[in-house]
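Colleague: need a 3D model of the sequence below.
(2 chains)
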Amino acid sequence: MTSLNLLVAVCIAYVVFLFGVAFIAERAAKRGQGGWLRLPMVYTLSLSIYCTAWTFYGAVGYAARSGLEYVTIYLGPSIVMVGWWWVLRKMVRVGRSQRITSVADLISSRFGKSNTLAVMVTLLAVVGTTPYIALQLQSVTLSFATFAAADARAPLSTDPNSNALAVAAGLAVFTVIFGTRNLDANERHHGVVMAIAVEAVVKLFALLAVGIFVVWGLGGGVSATLDRIDASTLGTWQVDGGRWAALIFLSAAAFLTLPRMFQVLVVENENEDHLRTAGWAFPLYVMLMSLFVVPIAVVGLDLMPEGANPDLFVLTVPLSQGQEGLAMLSFLGGFSSATSMVIVASLALATMVSNHVVMPLWLRFSTAGATRSGDVRNVVILSRRVAIAGVLLLGYLYYRMSGGGAALAAIGLISFTGVAQVLPALLGGLFWRGATRFGAMSGLLVGFAIWAYSLFLPSFGPAIMPPGLLESGPWGLGWLRPQALFGIAGLDPLVHAVLWSMLLNATTFFVVSLVTFPSPLERLQGAQMVNVFDHSMSPRSWQGGAAQSEDLLIMAQRILGSAEAQTLFRSEAERQGIKGYLPEPSPEFLQRLERQLSGSVGAATAHAMIGQLVGGMSVSVQDLMAVADETAQMMEYSSRLEAQSQELSRTARQLREANDKLTRLSVQKDAFLSQISHELRTPMTSIRAFSEILRDMELTEEEQNRYASVIHDESLRLTRLLDDLLDLSVLENGQVSLNIRRGNLSVVLDQAVASASAGEGGRRLEIRRDKAQEDQVLASDLDRLAQVFINLIANARKYCDATQPRLTIAVSRREGGVVVDFIDNGSGIPKEAQDLIFEKFSRLGEQKAGGAGLGLAICREIMTRLGGDITYLPGQGGAAFRVRLPAHLALAAQ
Amino acid sequence: MSDPDQRPLPPPREPAGPVFLHTRHYRQRRLVDAIRLLPVLALALFLLPLLWPRGEVADSRAIVYLFASWTVLILLSALLSHRLRSSRDSEEAEGRK
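Modeller: Have a look, this model is predicted:
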C-alpha cells in the first residue's frame, strides 16, 4: 500500500516542480527570451483549466449517475472553439485593443466605463465562483481521504478540514507569488500560464493512463468494453432532450463568461493567431479528456462495491487493482486540475475585485490623491494579494459550511448558470451598437435574481429555502414557486432555471436597451468594440524588439530632439549591456521614456504614443479624451497668454500717450509760468512807468488825465486777468455754486451775441442763426452758459482770418440732448493743436496778444460742471466747436 | 434649427473594397466562410441525439456516433485553419468581420 507519507512527499515534490516551472518561465519572459512561452500549444493547454477537478473526478461520477449527459459539458466549449471566428476572435481583439483585464472590465468598458456595472459583474463572478473553488478543495481532500483510508498505517483521523485549509493556503501562496509579482499593464502572467500548461499535460496524461488501463487492462479491448457498456445499467440512451440542449448551451455560455476562462482566453492571449490552433486543438483536448469517462464509470460500477462514491472511481479503480503508481498519477492529475483552476480563478477574481472595488474606493477615500505612481502600484499589488487570500478563504468557508456532501456535478452546474448571466450583456455589447448600460444592468439584475431564487438558494436545502416555499410559492402564490415559475411545472430544475433566467435576462437587456439612450462615451466605446476590425490594426507579433526600439527612437527624436534622444537610448542600451543605440524595450525603459516624453507632450499623449508603438493596440477613447484634454489646456493657456500680451501692448500704448501728453503739459506749464509773469509784468511795467512820470514830472492837466487813465486801464486789465484765473481755479476745484434757472436757448444766444458784439472794433462778424431750431427750453445755469457762448463768439471774432468772417450757430437735438455748434469760415485749428486748445494759457501762436488763453479752459470747466461738454469739431471748413448740453437738462425743461 | 428632412443627404458610401477579387483572395474568403459555418455543423451534429428515442439506442452506438462526429469536426477545423494559415495574406482577411 502506498503510504500516506509517500503521497504527501510526491505531492510536495510536484508543487516544488510547479514552482520551478513558473519561476523559470517568469525569468525567461523577463529576459525577453522565452519564445517557447508564446507557442500556440501553450495557449491551448492553458485553456484546459476549463477541465477542473469536477471534470477529472466528477465526470466519471456524472456518467455513472446519468449516462452520456456528461459530454454536454465539453460539447458546448468545443462548438465555441470550433467557431472561434465568430466570437472569440472579436473578444481577443477587443481585449487587446482596449487593454481589458477581466470580464467585468470588458463589460464596463463597453458600457461607458461604468464602474457600477463592473461591480455587479464582479459580485456575480465572486458568488458564482466561490462554490466552484470549494468544489476543488473538496475534491483534493476527498482524494487524500481515499488514500488515507487505503493506508493502514495512516494516522486514524486525518482531518479533512485541515487538509483543505492547507491546500487553500498553499494555493494562495503560489498565486500571490506568481500572480502579483509584477504589475504588467497587459496583466499577463507567464509563470502561471506555463505552470497550468504543465498541469494540463499531467492531467490529460493521468486520465488517459487510467482509461487505457481500464479499457485494455480490465475491459479486454475496445469491443469488449463497448459490449460491457451496453450490458451495464447505462446500457441505452437515456438522456433527457431538454437537459441535453440546455447543458450544451450552458457550457458554451460559461466557457465565454467564466472569469478564469476569460483570463486565459483573452487576457493571457499573446497572439490572436493562436486561436487558430486552439480552434481545433482544444476540442481535441476535451475530447480526449472525455473519451474514457464512460468505460471507467462502467468498469467502476462493476468492480467497486455497492455504495462506493462514483466521483472517485478514477482513484479507487486503480487502487483496488493494486496499481498504486497509476493511482498516484491519477491523484496528481486530480490535484493538477484542482490547483490550476483555483489559481487562475482566484487570480482573475482578485484582478476584478482590486480593479473595480478596492481601487475606486481607495482613490475616493485617500485624501492625498494618487500623486506618485509608485503609491498606487503598491496599493494595487497589496489589494490583489489580499483579494486572492480573501477569495480562497471564501471558498474554504463555503466548503466548511456546505459540509462537502453534495455531488460535485450539481455545484458545478449551479456556478455555470450563475456566471452565464453575463452572456447577453457580453454578446450584445460585442455585436450590437444599440446595447446600453441600463439594458446591461437590468438584464444582469433580472438574470441574477432568477438564478438565485430558482437555483442557487434552493441548492442550500431547507435551511435557506423552506420546503413550503418550494411547494407552494411565497405567500401561497403558486406561479412564483422557485422551481415552477409562471406555473410551468415538471421541468428539470436546472433546465427551468437556465430557461427562465436567460430568457428574461436577454429580453430585459434588449427591451431596456431599446428604450434608453446611451451616453456619449458609451456610444464611442460601442462603436469601437462592435467595429473593432475596422479600427484596429491587423494583429502584430509581440516579438521583434529591435524594430520596436527603432520606431521608438524615431519618435523620441522627433519630440526630444535627436541629440537628447540618442543620449537617452544609448545610456539605456549601455545599462542593458547592449552596444549601439537600440536597447530592449523593457518595461523600465518604456516607463523612463514615457516620463521623458510626457515632459514635452503631456502624460496622456506620451502614453498613447508609446502604447501605439509598443502594444500594437489602438488608442482607446479614454486615451483620446485625455489627450484632447491636455491639448485643450495648452490651447487655453496659450490663448490666455495671447490675451495678456495684447492687453499689455494696449496698456503700453496708453501709457505712451499719457506720457506724451504729460510732456506737452509740462512744456505748457513752463510756458504758463513765463506767460503769466509776462502777462502780469506788461501792465505792471506801464503802471510803474506812468506813475513815475506822474510823480516826477510837471504835467499839464490833460497829460495827467491821460496817464492816469492809462494806469487805470492797465490795472483793469490786470484785475480781469486775475479774475479769470480766480474763476478758473474756483471752477476746477468744484467750489462753484450753480444757479439753475429755466429759460430759452434762443434768449441765451441773443444775450451772448449782444454782449460779444459790445465794444466791437472795426471788424464785423456776420452771425448766421436759425431761430426756429433755437427754440429749446433749458434748465441750467444760464449765465454760465452765456459766458461759454460769449467766449466762443469772441474767439471767432478775434481769430477768424477770413476776409469776410462768418459764424454759423447751428442748434440741433441729438442723442437726447441739445447740441450747439459754432462754426466759422476761417482756416481752423491745426490738427496737432486741437487737443491742447482747451488747456490753460494755450494760445495759437503768439501772433495776437488778445487774451491770456484762459477762455476755452474756463468754457470746458463750465460745461463739465453743467454736465455737458465742449469739443473741437474737425472737418467743418473752419474752426468749429460743439457744445453739448446733457439730455436731462433739456428734458427737464419740457 | 433646420427641418430634419431638409438636411443634406450623407454622401453615398464608398464600396468597402473591390467588387472582384483576385482568385487567391476569393479562395481565402470562401475558406473563412467555411470556418464560419463549422459551428453550425457542430450544432447540427451534437443536437441530432435529441431525435433519438430514449431507451432504444445502445449506449455504445451513441458513444461511437458522438466521438466520431467530434473527431470529424476537429479534423475539419484543423484542416481549415491550416489552409487559412498557408494562404493567408493577413491584410485582406482582416478587413472583414
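Colleague: okay, buried residues for the helix or strand where A:Arg813 lies please.
Modeller: Following DSSP states H and E, one finds A:Arg813 within strand A:806-814. Across strand A:806-814, burial judged by 16 or more other C-beta atoms under 10 Å in any protein chain shown covers A:Arg806, A:Leu807, A:Thr808, A:Ile809, A:Ala810, A:Val811. All C-beta spots, glycine's among them, are computed from the backbone N, C-alpha and C.
Colleague: need these in JSON lines with distance to A:Arg640 and pLDDT, can you?
Modeller: As requested, the buried residues of strand A:806-814 are exported to JSON lines (distance: C-beta to C-beta, whole Å; pLDDT from 0 to 100):
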{"residue": "A:Arg806", "distance to A:Arg640": "58", "pLDDT": "86"}
{"residue": "A:Leu807", "distance to A:Arg640": "55", "pLDDT": "87"}
{"residue": "A:Thr808", "distance to A:Arg640": "53", "pLDDT": "88"}
{"residue": "A:Ile809", "distance to A:Arg640": "53", "pLDDT": "89"}
{"residue": "A:Ala810", "distance to A:Arg640": "50", "pLDDT": "87"}
{"residue": "A:Val811", "distance to A:Arg640": "50", "pLDDT": "88"}
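Colleague: secondary structure element for the residue of chain B found nearest chain A?
Modeller: Ranked by C-beta to the nearest C-beta, the top residue of chain B for proximity to chain A is B:Pro39, at 2.9 Å. Per DSSP H and E, B:Pro39 falls inside helix B:23-47.
Colleague: pull the residues that contact whichever helix or strand A:Ser46 is part of.
Modeller: Taking DSSP H and E as the criterion, A:Ser46 maps to helix A:40-46. When contacts are defined by C-beta atoms under 8 Å, 6 or more residues apart in numbering or on different chains, helix A:40-46 is touched by residues A:36, A:193-194, A:196-197, A:200-201, A:264, A:268-271, A:273-274, A:276-278, A:281-282, A:285.
Colleague: same thing but at 6 Å, please
Modeller: With contacts defined as C-beta atoms under 6 Å, 6 or more residues apart in numbering or on different chains, helix A:40-46 is touched by A:Val193, A:Ile196, A:Ala197, A:Ala200, A:Val264, A:His274, A:Thr277, A:Ala278, A:Ala281, A:Phe282.
Colleague: after it, which helix or strand is next?
Modeller: Downstream of helix A:40-46 (by DSSP H and E), the next one is helix A:53.
Colleague: now A:Leu885. Its backbone dihedrals?
Modeller: With angles defined as degrees, to the nearest 10, A:Leu885 sits at phi -100, psi 130.
Colleague: which positions in chain B make contact with chain A?
Modeller: Counting by C-beta under 6 Å from any C-beta of the partner chain, chain B comes close to chain A at B:35-36, B:38-39, B:42, B:46, B:50, B:52, B:54-55, B:57-60, B:62, B:70, B:73-74, B:77-78, B:81, B:90-91, B:94, B:97.
Colleague: one more time with 7 Å
Modeller: B:32, B:35-36, B:38-39, B:42-43, B:46-47, B:49-50, B:52, B:54-60, B:62-63, B:66-67, B:70, B:73-74, B:77-78, B:81, B:84-85, B:90-91, B:94, B:97 (C-beta under 7 Å from any C-beta of the partner chain).
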